[in-house]
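[1] what follows is a predicted protein model with its sequence.
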Amino acid sequence: METPEVIKISDVHKTFRVADRASDSIRDTIFNLGSKGQLHTIKALQDINLSIKKGEFVGLIGHNGSGKSTLMKVILGAMRPDKGGIIQTQGKIILLSLGLGFDPNLTARENIYVNGSLLGLSFKQIGQKFHEIIAFAELEDFVDTKVKYYSKGMRTRLAFGVGIHAETDILMIDEFFGGVGDINFKKKSDAVFKDQLLAGKTIIYASHQMEPLKKYADWVVLLHEGKEVTRGKTEEVLPVYEELMKKRAKERRELREAKK
């Protein structure tokens, strides 16, 4: 029996109209009513067509601003594609990103309940998993400390500890996994990522980190300036990505030189 498609993306474009400048002050706004600067068009996505089957792990790679996060938000339904674009999904979808939606003025305890509920867990389920989350994140001594006082590593471990319990069919991950904590924690998180987070789910993973994609991705898509450049195995697409990055760095150097 053929594996069913759970995501189908057809003729998807996403265009933004952005002002060159915003008002510098309230006074500027008052005395220049209606003046918002010159509008210009940003084509964040152009002619994207993808079909993803149940259980596949698909990677999205590309430089910052290539369209990865925009595409994930369009799939999630947080953004609408331009007219004519079609997004078809089957099953519950959740987007994980570093930091999740943590409120820095709330404690770890409070953030676990808030974010756990956003990830599809009931308060009862969160209560049952609470001590497991804290122990996994190694934050037993900081349960009732406000997150704004956490180091970046502590916030990352907490986010990972909550995120691995996401109740969903399709999981989109935006720069979430990898480089978390010391060597022992990395080993532990790698095992949990594979055995718990990936189990039975369809994954779309946007990242600059190639190691997780080499390990887990069935195939990857390379985006550049909102367009698909190529797709295939990570080891096949990576050289194309590296060449694009070299070309982009060269263009930036030349632009800086021209401005001098």
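    Perfect, I can see it now.
[2] select the longest helix from the protein.
    helix 234-259 (DSSP state H).
[3] find the nearest non-adjacent residue to residue 197, please.
    In space, and not counting its chain neighbours, residue 197 is closest to residue 164: 4.9 Å by CB to CB, 6 or more residues apart in numbering. From N, CA and C alone the C-beta is placed, and that goes for glycine too.
[4] ok, the one you found - contacts?
    136, 192, 193, 196, 197 (CB atoms under 8 Å, 6 or more residues apart in numbering).
[5] report pLDDT for the second one.
    Translated: residue 192. If you check residue 192, the pLDDT there is 82.
[6] what is the spatially most central residue of the chain paired to in the beta sheet?
    Taking CA atoms, centre = their mean, the centroid of the chain lies closest to residue 174, which sits 1.8 Å from it. Beta-bridge pairing of residue 174 under DSSP bridges involves residue 97, residue 206.
[7] gap between it and residue 168?
    14 Å (CB to CB, to the nearest Å).
[8] for residue 118, same thing?
    11 Å.
[9] quick check, the residue nearest to the centre of the chain in contact with residue 69.
    Yes. Counting by CB atoms under 8 Å, residue 174 touches residue 69, with 5.8 Å between them.
[10] what do the two both touch?
    Common neighbours of residue 174 and residue 69 (CB under 8 Å, 6+ apart) are residue 206.
[11] returning to that earlier point: quick one: mean pLDDT for the longest helix of the chain?
    For helix 234-259, the mean confidence score works out to 89.
[12] run through the neighbouring helices and strands of that helix.
    Helices and strands touching helix 234-259, by 3 or more CB pairs under 8 Å, 6 or more residues apart in numbering; DSSP states H and E, are strand 57-61, helix 210-216, strand 219-224, strand 227-232.
[13] buried set for the longest one?
    Right, helix 210-216. 210, 212, 213, 216 (16 or more other CB atoms under 10 Å).
[14] could I get the residues you listed as TSV with pLDDT?
    Output for the buried residues of helix 210-216, formatted as TSV (pLDDT from 0 to 100):
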residue	pLDDT
210	84
212	84
213	89
216	90
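[15] as a markdown table, the residues you listed with distance to residue 252 would be great.
    Converted to a markdown table, those look like this (distance: CB to CB, whole Å):
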| residue | distance to residue 252 |
| --- | --- |
| 210 | 22 |
| 212 | 27 |
| 213 | 25 |
| 216 | 32 |
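[16] distance check, the closest residue to residue 42 other than its chain neighbours against residue 43.
    Of all residues not flanking residue 42 in the chain, residue 16 sits nearest, at 4.5 Å (CB to CB, 6+ apart). For residue 16, the distance to residue 43 equals 8 Å [CB to CB].
[17] when those two are compared, which one has more neighbours?
    residue 43 (15 against 12; other CB atoms under 10 Å).
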